[in-house]
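Structure for the following, please:
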Amino acid sequence: MTKKEVQHLARLSRIAITDEEAETFTKEIDAILEYVSEVTEVAGTDALEPTVGAVHNVFRADEVTNEPNQYTDALLAAMPETDGRFMSVKKILNQDD
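Below is the predicted model of the structure:
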């Protein structure tokens with residue numbers, strides 16, 4: 001990943017970073033991607049035997065944990081542009097339309 005790509009990702013994420021931070025993140029992101037690649041390779045092998053007992057999913061009931069519109073005003077206030085109670089964002093897909 002290049003410094004320019006890191007700065008672009010930061011802009012898309014609306015995160016202000018310095019040139020030094022971009023250099024650091026470039027190295028760190030490359031290391032993370034390399035590690036993920038290694039984990040993906042290991043996860044894809046059938047030669048590994050499970051070391052834990054029975055594997056099963058743990059489900060919980062869905063519960064509403066916040067009040068309706070509890071965060072709406074704060075979220076809208078943080079947006080650079082809104083349209084009523086909606087967020088306005090730049091169109092990124094099908095820009096030819």
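
Poorly predicted segments of this protein, please.
Applying pLDDT under 70 to the predicted model, the residue ranges of the chain that meet it are 44-55, 95-97.

Tell me which stretches of it form strands.
Along the chain, the segments classed as strands by DSSP state E run 82-83, 86-87.

who does the first one pair up with?
Taking DSSP bridges as the criterion, strand 82-83 forms sheet pairs with strand 86-87 (antiparallel).

Let's have the strands of the chain in TSV, adding distance to residue 64 and mean neighbour count.
For every residue, glycine as well, the C-beta is placed using N, CA and C. Converted to TSV, these look like this (distance: least, CB to CB, whole Å; neighbours: other CB atoms under 10 Å):
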stretch	distance to residue 64	mean neighbour count
strand 82-83	25	10
strand 86-87	22	11
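
so can I have CSV of those showing distance to residue 3?
What follows is the strands of the chain, written out as CSV (distance: least, CB to CB, whole Å):
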stretch, distance to residue 3
strand 82-83, 33
strand 86-87, 30
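
among these, which is nearest residue 24?
strand 86-87 (30.9 Å; CB to CB).
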